[in-house]
Structures are given as structure tokens and as C-alpha cells.
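Undergrad: following is a predicted model, sequence given first.
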Amino acid sequence: MGESGALRKRLALATLCVTMFMSMLDNVIVNLALPRIGQELDAGISGLQWVVEGYSLVYAALLLTGGALGDRHGRTRVFRLGLALFTAGSAVAALAGTTGVLVAARMLQGVGAALLTPGSLAILRQVFTDERERARAIGLWSAVSALGLSVGPVIGGPMVDHLGWASVFWINVPIGVAGLVLASRVLPDIAPRRRRIDLGGLALSAAGLGALVYALIEGPSRGWTDARVLGCAVAAVLLLVAFVLLERRLPEPMLELGLFRDGVLGGALLSGFMVSFGMFGAMFFLPLLMQGVLAWAPTDAGYAGLPMSAMIVAGAPLAGRLTGRHGPGVPLVLGLLLCAAGLGGLSLYGDQARYPEYLWTLFTMGLGMGMTFTPVSIAVLQRVTPARTGMASATINTLRELGGVVGVAALGAVLTHRLTGTLTDSLARLGVPPGTAGRAADALAGAGAGHGGPTGPGGAGASLTGPVQAAVDGAFVDGVHLAVRCGAAGLAATAALVAVLLLRRGSRSGPAAPASGQPRPVPSAGTRSAGTPSA
């Protein structure tokens with residue numbers, strides 16, 4: 001019986017790790033396929049942003065609701081439903097023949113991921129009741145999640161080169177089917193509990209985030225004074241403010257704002273948001289730089305990410321040990337500073353730089369990312385009661401995903417705005433009509449366009465030769481430099497704030513959860529709590 005129970009635990013952990021690996025993998029593997037998607041589906045830069053944002057926006061908007069649905073209808077049941085939807089969305093995306101269908105399929109994937117992700121950590125807590133076992137399981141779960149983010153570019157490049165862009169979606173189908181079979185057999189059924197679904201909060205947050213992302217993506221091309229862009233920006237502010245006010249009044253809100261009054265929790269959640277802001281924003285346009293400007297093949301661009309992958313994997317257990325000894329503050333601040341240094345370092349190199357020259361930036365960013373995953377999860381689990389684990393887990397992933405949504409949109413807006421302005425000036429000096437700047441910039445959405453590589457159906461890249469191509473490349477590099485500097489500045493500022501919130505409070509971990517299951521009081525500034533085992 002003991003051996004059977006241990007085997008069931010290992011299989012349950014394997015199921016949760018594999019499904020989390022798949023959802024994390026999908027966050028980054030698609031980025032390497034973007035230039036090829038741009039060629040074959042004739043999508044410009046804004047179209048490719050929607051391919052990324054369609055998934056992330058729905059994921060972020062529905063994650064908290066996914067946690068509430070898991071509480072109400074059973075976390076394991078909702079987990080299985082989410083896995084089925086994610087798998088179906090992957091199949092539709094692989095078969096998509098237009099950008100619109102692909103974006104819709106990505107949104108279906110986002111719905112599935114929003115349902116399965118919150119239950120993963122809660123089920124893990126239910127399976128592993130022993131604290132030492134749970135710490136090891138969380139460490140492995142966090143490492144596998146980080147691994148999904150890190151190996152995506154490595155396996156994605158060769159897949160795109162040899163099997164086409166659709167293969168990055170087909171890979172999810174057998175994994176998803178296997179996960180469904182395992183989930184039906186080894187995951188425990190967790191009894192549902194009565195919980196109100198916050199439909200008002202869902203509507204306000206989804207509409208507000210959608211309006212914000214639309215304004216950021218369409219602003220550079222339509223113009224920031226365009227009536228539709230301005231209207232969406234104003235609507236986003238009003239809707240998100242209304243969401244916060246509503247959540248403060250509800251007895252059982254979708255997002256418990258009290259989490260942010262705890263300095264340790266607030267700092268950990270902010271760290272997760274900002275790392276995704278900077279890193280996901282960079283991961284969107286770096287493949288376009290490598291394949292569009294430097295004319296690298298997808299495989300080469302993928303292998304270029306190996307140093308980052310290795311450091312992410314190495315950083316996760318190191319962060320666990322540091323968290324066990326010093327609390328989450330030390331690894332979080334260190335990770336944020338490393339991400340800021342690596343991202344800012346990219347702005348030192350232009351289109352003539354050789355790979356060994358900027359290799360150090362990839363090592364630095366990878367280690368910084370790896371240092372942040374585990375302490376965020378441990379800090380939240382230490383400071384919330386078991387009854388709030390699902391909501392807290394959903395909050396972690398919501399903010400991480402929302403950071404990616406805002407990062408791709410905001411840093412993409414910075415890049416596109418600088419790119420269009422610089423390119424317009426350069427083309428004017430060459431005697432090229434200024435109205436062609438947008439079409440020339442969109443040629444970068446096709447891998448190798450204008451460098452002798454294939455072009456999309458519109459043939460945008462065919463005319464980009466000689467001085468015009470040099471102007472496009474130079475303007476894009478200029479835009480990337482400004483974007484990564486903005487991301488680095490945000491990460492550095494966050495590191496300073498997290499140091500104040502976590503390090504000055506002397507926090508090693510959270511106070512023990514009350515036996516009653518009631519939310520624990522927010523610790524005072526002088527609270528110093530007991531240590532925690534390393535993950």
C-alpha cells in the first residue's frame with residue numbers, strides 16, 4: 001500500500017509537471033515561429049503581436065476566474081477541462097490558414113491554460129501533505145516550469161526549420177492527450193466548495209486589459225492621437241479603476257487585494273510581474289532581430305538561447321537554497337538586478353556585433369530569471385492559508401502573464417514608435433516616400449525578408465534592397481535598443497523597491513498558517529518569522 005501510494009504521488013507530480021511544462025513551453029516556443037508565420041500568413045508586426053497577445057491576454061484575464069471555478073466545481077475536474085481545451089486549441093492553431101484563425105486558436109489555448117494552471121499548485125499541496133516532501137515537490141515543479149521557458153527556443157528553432165511553424169503547436173497535442181489520460185487516473189478528486197463567481201470583476205478586468213493592450217499595440221501604427229486609440233486608453237483606465245473598487249467591496253473577490261498589503265507578498269508578486277514584463281517583451285522582438293535583421297535561420301536563433309536555458313535551470317535550485325537560508329528577498333533582488341543588467345547590456349551591441357561579444361548578456365538574463373521563479377512561489381505558499389492557495393496561485397500566474405502581456409505591448413510600442421520615426425527620417429533622406437515606412441518595417445516580420453530569404457504573399461521584403469534595407473535594419477536595431485533600456489530601467493527600479501519591502505523587513509518567511517484556515521494577519525514591519533526548508 002505504501003509503495004502504491006508513493007508511486008501514485010510520483011505519477012501525480014509527473015502529470016502536474018508535464019502539463020505545466022507544456023503551458024510554459026508554449027509561452028516562448030511560438031516566438032521563434034513568428035517570422036515564419038509572418039511570411040506564410042502575411043502578418044505584419046502588429047499581427048504577430050496579436051498572435052502572442054491573443055494567448056497571453058485571455059490567459060491573464062481568466063486566470064483568477066479559473067481559480068474560483070476550481071474551488072467551486074472541483075480543482076481536478078477544472079484542471080482536466082483546461083487541459084482538454086488547451087490541447088484542442090493547439091490543434092486548431094496548427095491547422096490555421098489565416099492570422100485571424102490563428103489568433104482565435106491562441107485565445108482558446110489561453111482559456112485552457114487559465115483553467116489548468118491555478119489548480120496545479122493547489123493539487124500539489126493536496127497530494128504532498130508532508131512539509132519536506134512538499135518542499136521538494138515544489139522545487140521540482142518550479143524547475144520544470146522554468147525548464148519549459150528555457151528549452152522552448154532550443155527545440156522550437158529546429159522544429160520550425162524542418163517541420164514548419166505549425167509543428168510548435170502540434171507538439172502540444174500528444175503531450176496534452178497523455179496528460180489527460182494520467183490526470184484521469186492518478187490525480188485526487190478534491191471536493192468543491194461553495195464560492196461565488198465574480199462575473200462583474202471578470203468583465204471589468206477582461207475589458208480593461210483588452211482595451212489597454214489594443215491601445216498599446218495599435219498606437220504606434222494608427223497614431224497616439226487616433227480617436228480609437230485614445231478611446232481605448234481612457235476606457236482601460238476607467239475599467240481597471242472600477243475593477244479595483246469593485247474588488248475592495250466584495251466579501252469574496254476574484255482578486256484579494258489584501259495580499260498586496262503584506263510587504264513580502266506584494267514584493268514577490270511585483271517581482272514576478274516585472275521579470276515577465278522585461279523578459280517576455282525582449283523574447284518577442286529578439287527572434288525578429290536575429291531572423292529578420294541578422295538573417296539567422298530559426299535553428300541558429302534557437303541554439304543561441306542555450307546559455308540562457310542552462311542558467312535558468314541552474315538558477316532555480318540556487319534560488320531555493322538562498323530562500324531557505326535568507327528568505328525570498330535576497331534571491332529576488334539579485335535576480336531582478338541580473339535581469340536588468342543583461343537586458344540593458346543588449347543595447348550595447350548593434351547589427352554588426354558577433355555572438356561571443358554579447359553572450360554574457362544571455363548568461364546574465366538566464367541566471368536572473370532562474371533566481372526569481374522559486375522564491376515567488378515559496379513566499380506565497382508560506383504566507384497564505386491552504387484554503388487560499390488556489391487563489392494565491394492564480395494571482396501569481398496572473399501577474400506573471402499580465403507582465404508578459406504589458407511587456408510585449410508596451411516595449412513593442414516603444415520599439416515600433418522609435419522604428420517608425422527613425423525609418424521615416426532615413427527614407428526621406430534617401431528620397432523614398434514617407435508612406436512606405438510602415439510597409440518596410442513590416443517586412444521584418446518575415447524571416448530573411450529583403451536578405452534573400454523568402455517573402456510573404458505580399459512580397460513586402462522583395463523591394464527592400466541596398467540602402468533601403470540598411471535603413472530598415474538600422475531603425476529596427478535603434479528601436480530594440482530603446483526598448484531594452486526601458487525594460488532594464490523598470491527592472492532596476494523594481495529591485496530597489498523589492499529590497500525595501502523584503503530586505504528591510506528582515507523577512508525570512510511568512511508566519512505559520514492558522515489552524516482555523518482563516519487568513520493570517522498582515523505581519524508588522526518588525527516581524528521576523530521562522531525559516532523554511534529549501535526547495
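TA: Right, received. Where do you want to start? Computed from a predicted model, the values in this text were never measured in an experiment.
Undergrad: how close does residue 401 get to residue 26?
TA: 12 Å (Cβ to Cβ, to the nearest Å). In this view, the C-beta of every residue, glycine as well, is placed from N, C-alpha and C.
Undergrad: and the two? which has more neighbours close in?
TA: residue 401 (28 against 25; other Cβ atoms under 10 Å).
Undergrad: excluding its backbone neighbours, what's nearest that one?
TA: Among residues not flanking residue 401 along the chain, residue 60 sits closest, at 4.2 Å (Cβ to Cβ, 6 or more residues apart in numbering).
Undergrad: correct me if wrong: that neighbour contacts residue 208.
TA: No: between residue 60 and residue 208 there is no contact under Cβ atoms under 8 Å: 11.1 Å.
Undergrad: which of these two has more neighbours?
TA: Comparing residue 60 with residue 208 by neighbour count (other Cβ under 10 Å), the higher total belongs to residue 60, at 27 against 21.
Undergrad: could you say which helix or strand holds the more buried one?
TA: Per DSSP states H and E: residue 60 is located in helix 45-73.
Undergrad: in that helix, what counts as buried?
TA: Residues of helix 45-73 classed as buried by neighbour count (16 or more other Cβ atoms under 10 Å): 45-71.
Undergrad: where exactly do the helices run in the stretch 351-500 of the chain?
TA: For the stretch 351-500 of the chain, the helices defined by DSSP state H, counting those that start in this stretch cover 355-383, 389-429, 437-442, 466-498.
Undergrad: again but with the stretch 51-200 of the chain, I slipped
TA: When assigned using DSSP H, counting those that start in this stretch, the helices of the stretch 51-200 of the chain occupy the ranges 75-95, 99-127, 131-163, 167-170, 172-186, 199-222.
Undergrad: count residues in the vicinity of residue 481, would you?
TA: Here the neighbour count serves as a burial measure; for residue 481 (other Cβ under 10 Å) it reads 18.
Undergrad: kindly report the same for the one 3 residues further on.
TA: Here the number of neighbours of residue 484 (other Cβ under 10 Å) works out to 26.
Undergrad: and for the one 5 residues further on?
TA: Residue 489 sits with 14 neighbouring residues when counted by other Cβ under 10 Å.
Undergrad: kindly report the same for residue 162.
TA: Neighbours of residue 162 under the rule other Cβ under 10 Å: 10.
Undergrad: contacting residues for it?
TA: Going by Cβ atoms under 8 Å, 6 or more residues apart in numbering, residue 162 touches residue 299.
Undergrad: where does it land on pLDDT?
TA: At residue 162, the predicted lDDT confidence score is 84.
Undergrad: then residue 269?
TA: Here, the pLDDT recorded for residue 269 equals 84.
Undergrad: what strand or helix carries it?
TA: Counting by DSSP H and E, the element that carries residue 269 is helix 263-288.
Undergrad: what is the subsequent helix or strand relative to that helix?
TA: helix 298-303.
Undergrad: returning to that earlier point: the inter-axis angle of the helix holding residue 60 versus helix 199-222?
TA: Here helix 45-73 points in a direction 170 degrees away from that of helix 199-222 (axes from the mean of the first three to the mean of the last three Cα atoms, to 10 degrees).
Undergrad: which strands and helices lie in contact with helix 45-73?
TA: helix 2-41, helix 75-95, helix 99-127, helix 199-222, helix 263-288, helix 389-429 (3 or more Cβ pairs under 8 Å, 6 or more residues apart in numbering; DSSP states H and E).
Undergrad: need these in JSON lines with distance to residue 489, can you?
TA: Rendered in JSON lines, the data for the helices and strands packed on helix 45-73 read as follows (distance: least, Cβ to Cβ, whole Å):
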{"stretch": "helix 2-41", "distance to residue 489": "23"}
{"stretch": "helix 75-95", "distance to residue 489": "35"}
{"stretch": "helix 99-127", "distance to residue 489": "29"}
{"stretch": "helix 199-222", "distance to residue 489": "18"}
{"stretch": "helix 263-288", "distance to residue 489": "9"}
{"stretch": "helix 389-429", "distance to residue 489": "11"}
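Undergrad: most packed of those helices?
TA: Comparing the helices and strands packed on helix 45-73 on average neighbours per residue, with mean count of other Cβ atoms under 10 Å, the densest one is helix 263-288 at a mean of 26.
Undergrad: how far does that helix sit from the chain's center?
TA: What separates the centre of helix 263-288 from the centre of its chain is 7 Å, taken as Cα atoms, centre = their mean, to the nearest Å.
Undergrad: returning to what we had before: check the helices of the stretch 51-200 of the chain for me: which has the lowest mean pLDDT.
TA: Going by mean pLDDT, the lowest-scoring of those is helix 131-163, which has a mean of 74.
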